[in-house]
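*Asks:* sequence plus predicted model, see below.
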Amino acid sequence: MVETILEYQELQKNFGGVVAVNKLNMTVDIGSITSIIGPNGAGKTTIFNLTTGFLSPTAGNIKFFGNSINQLKPHNIASLGIARTFQNVQVFDNMSVLENIMVGRHLRSKSGILSSTIIPPFLRKEEKHIKREAEKWLEFIGMADDSQISAGSLPLGKQRMLEIARALAMEPKLILFDEPASGLNARETLAIGELIGKIKESGVTVVLVEHDMELIMDISDIVAVINFGTRIAMGTPAEIQINEDVITAYLGD
Amino acid sequence: MEITNQDFSNLLQYIFMGIQRGSIYALAAMGFNIIYNSTGVINFAQGEFVVYGGLMMVSLTMTMNLPVPVAFFFTVLFVMLIGILMERLTINTVKSPTVLRLVIITIGVSIFLEGIAMVSWGKNSHVLRHFSSSETFEVFGAMILPQTLWIIGILVFIALGFILFFNYTMTGKCMRACSINRDAARLVGINDRKMVMISFALSAGIGAIAGIIITPIIQMDYGRGTMLAIKGFGAAVVGGLGNSVGAIFAGILIGIIEAFGAGYISSHYMDAIALFFMLIVLFVKPSGIFGSSEASKLKEF
C-alpha cells in the first residue's frame, strides 16, 4: 500500500453562514501529483489556506504524515515541509531574484539571529552556502541569467517560476500549486507543466489546483473533483473524464 | 556683494550645527522606518527610546562612574530590552492588530514611559560628559566641538551597519521579505512576529544611541521625547516613509534648515521654520522627497 502524506478528515470551514469546505475527506499519496478541480467558488483555495495555516478549520482534521497540523501557524507548517505558491504571484518585489530564493532557504539555515548578525558577512560560510544552494535552484528553473534582476520587473511567467523556485528552495516534502498556469500563455503553461513533472521526479509530492484541463489531464496521477466544498469524485484522469457526477457539476443537468 | 571671512565662518558654523542636530533626527527617523517597515505602524514611543538612552547613559557614567564604552553598551542593551518588552507586552498581545489600534497603543506606551522617566530621573535636565574633550577647535573660523565629530561618525557607522544588515545577513533579508510581502514570508517559514520583535529591538537600540550621543550637547530631561519624535517623524516623512537612505538625508536637511533659521532669522522660530519646511514638502510632494508616489498609494498612511 502507498503511504499517505496528507489527509483531510471531515474538514469543515464556515465563513459566517457560508460553508466553504463541507466535511471533506481526502488523502494524497506520497510521490504523486494530485489535482483538485471544481467550479469557481468550490472551495479549492480555501483548502490550500487551511493546509498552510492561513485559516484554521471550523471542524475536522488535517494530517501531515499522520500528525495533526490544524493548530499550527504558517511558519511552523512551512518548517514541517509544506510549501505553496499563490494564484496571484507573491514574490518579494524589491529584492533580486537570487535574494528571493535565499529567503526561501531561510528555514534550512542553521544560524540564529545573533550569529547571522554579529559575525561579519565575509566570514560566514553559511551565507555562501545558502547563496550556492539558491543558485542551484535558479539553474533548476532555468533562470540563472536573471539572478540579479529585481523580481518585480520580471514578466509574470518568470515571476511564477521564481515563486516555484523559492518554494522548492525550502526543500519541502509537499508542494501546493494554486493555479500555476493562470494568466500564462500556451508556451509558459507548457514549461510549468514540464517543471511540475520534474518536481515530482525529484521526489516531492505535488497537489495542484488548476483550471487548465489539458494541463491537469496531462500531468496528474489522481484527480479529485470538489463542488460546494465536498468531494464528488476522485480517480485517474481517464476515470474522471467519463464520470457522470463531474459532467453534471460542470455543465449542469 | 562681497563675502567676508566672517560670513563664511558663520555659514560653516550653522552647517555643522545643522548636521549635528540633523544626525539625531536622521537616527530617530531610521528608528521610525524600521518599525514602519515591519508593522506598517508609526511608533510614537520612538522619542522615549532617545530619552531613555540619554538618561540611562547619564546614570551609568555620571553616577556609577562606568567608562564611556561600557556604559554605552549597557545603555543600548537596556533600551533594546525596553523595546522588546514593549513589543511583547503591548503590540504582540493585540488580537486583531489594525494600524490605528497599534498607533494608539504606541502613544499610550510613550506617555507611560515618559511618566516612568519623570519618576526615576526627576524633572530637571541632566548633564553628560562629552565623549572626549569639550574644548572646541577651529575650522575656517567655525568653532566645532569634538562631540559633533563623534555624532557624525556614529551616524555614518550606523548607516553602514544598517545597509550591511539589511542586505547581507539572512535575518536582515528576512525582515525585508516580511515588509515586502508578509504572507509570502510566512509561507517560506519566516516567523513574522519574531521579525516584529527584532525590529522593535533594533529601533530602540538606534534611538538609544541617538540619545547617548546628543545628551552631552543638548542635555536631557524626561519630556524631550515628544519634540525629538516629531522632528524624527518629520524626517522620516520628508525622506519618504520606509526609505532609510531618504531619512538620513532628510534628517540632516531639516537640521541644517533649522540651524540656518536660528542663525539668519531668529532662534525663537527655529522649530517653526523646520516644521514649516516639512509642511511645504508634504504639500508639494506628499510621498516625501525620496519616496515613490506609486508606493505611497498602497500604504495605509
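*Replies:* That came through fine.

*Asks:* what about whichever strand or helix holds A:Lys158, near chain B?
*Replies:* Per DSSP states H and E, A:Lys158 falls inside helix A:156-169. Yes - using Cβ under 8 Å from any Cβ of the partner chain, helix A:156-169 comes into contact with chain B via A:Glu163, A:Arg166, A:Ala167, A:Ala169. All C-beta atoms are positioned from the backbone trio N, CA, C, and that covers glycine.

*Asks:* buried sites along that helix?
*Replies:* By 16 or more other Cβ atoms under 10 Å in any protein chain shown, the buried positions in helix A:156-169 come out as A:157-169.

*Asks:* only C-alpha atoms, please: export that helix in PDB.
*Replies:* C-alpha atoms of helix A:156-169 as PDB (Å, rounded to 0.1, in the frame of the first residue of the first chain):
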ATOM      1  CA  LEU A 156       4.500  37.100 -15.000                       C
ATOM      2  CA  GLY A 157       5.700  33.800 -16.300                       C
ATOM      3  CA  LYS A 158       9.100  34.200 -14.800                       C
ATOM      4  CA  GLN A 159       7.800  35.500 -11.600                       C
ATOM      5  CA  ARG A 160       5.700  32.400 -11.200                       C
ATOM      6  CA  MET A 161       8.800  30.300 -12.000                       C
ATOM      7  CA  LEU A 162      10.600  32.200  -9.300                       C
ATOM      8  CA  GLU A 163       7.900  31.700  -6.800                       C
ATOM      9  CA  ILE A 164       8.100  27.900  -7.500                       C
ATOM     10  CA  ALA A 165      11.900  28.000  -7.100                       C
ATOM     11  CA  ARG A 166      11.600  29.800  -3.800                       C
ATOM     12  CA  ALA A 167       9.100  27.200  -2.600                       C
ATOM     13  CA  LEU A 168      11.500  24.400  -3.800                       C
ATOM     14  CA  ALA A 169      14.400  26.000  -2.000                       C
END
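
*Asks:* who does the helix or strand just after that helix touch, helix- and strand-wise?
*Replies:* Per DSSP H and E, helix A:156-169 leads on to strand A:174-178 as the next helix or strand towards the C-terminus. Secondary-structure packing of strand A:174-178 (3 or more Cβ pairs under 8 Å, 6 or more residues apart in numbering or on different chains; DSSP states H and E): helix A:44-51, strand A:82-85, helix A:156-169, strand A:205-209.

*Asks:* for residue 175, give me its contacts.
*Replies:* Unless you meant another one, I'm taking chain A. A:Ile175 makes contacts with A:Ile82, A:Ala83, A:Arg84, A:Thr85, A:Ala167, A:Leu168, A:Ile199, A:Val204, A:Thr205, A:Val206, A:Val207, as judged by Cβ atoms under 8 Å, 6 or more residues apart in numbering or on different chains.

*Asks:* please refer instead to chain B.
*Replies:* By Cβ under 8 Å, 6+ apart, B:Met175 lies in contact with B:Asn37, B:Ser38, B:Phe166, B:Met195, B:Ile198, B:Ser199.

*Asks:* element containing the closest residue to the last one other than its chain neighbours?
*Replies:* Yep, that's B:Ser199 we're talking about. Of all residues not flanking B:Ser199 in the chain, B:Ser38 sits nearest, at 3.9 Å (Cβ to Cβ, 6 or more residues apart in numbering or on different chains). Using DSSP H and E, B:Ser38 sits in helix B:5-39.

*Asks:* now, which of the residues of helix A:156-169 next to chain B sits nearest chain B?
*Replies:* For the residues of helix A:156-169 next to chain B, the residue nearest chain B by Cβ to the nearest Cβ is A:Arg166; the value is 6.3 Å.

*Asks:* quick one: that closest one and A:Ile101 touch, right?
*Replies:* Yes - between A:Arg166 and A:Ile101 a contact is recorded at 5.3 Å, counting by Cβ atoms under 8 Å.

*Asks:* number of nearby residues for the residue nearest to B:Ser199?
*Replies:* When neighbours are counted by other Cβ atoms under 10 Å in any protein chain shown, B:Ser38 registers 23.

*Asks:* and chain B, which residues reach chain A?
*Replies:* Proximity of chain B to chain A (Cβ under 8 Å from any Cβ) is limited to residues B:164-165, B:168-174, B:176-177, B:180-181, B:183-192, B:198.

*Asks:* tell me which of the residues you listed fall in helices.
*Replies:* B:164-165, B:168, B:170-174, B:176-177, B:180, B:183-187, B:192, B:198 (DSSP state H).

*Asks:* quick one on the thing from earlier: adding distance to B:Ile213 and pLDDT, write the buried residues of helix A:156-169 out as a markdown table.
*Replies:* Listed next are the buried residues of helix A:156-169 as a markdown table, based on distance: Cβ to Cβ, whole Å; pLDDT from 0 to 100:
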| residue | distance to B:Ile213 | pLDDT |
| --- | --- | --- |
| A:Gly157 | 51 | 85 |
| A:Lys158 | 46 | 88 |
| A:Gln159 | 44 | 90 |
| A:Arg160 | 48 | 90 |
| A:Met161 | 48 | 89 |
| A:Leu162 | 42 | 91 |
| A:Glu163 | 44 | 90 |
| A:Ile164 | 48 | 91 |
| A:Ala165 | 44 | 90 |
| A:Arg166 | 41 | 90 |
| A:Ala167 | 45 | 90 |
| A:Leu168 | 46 | 90 |
| A:Ala169 | 41 | 89 |
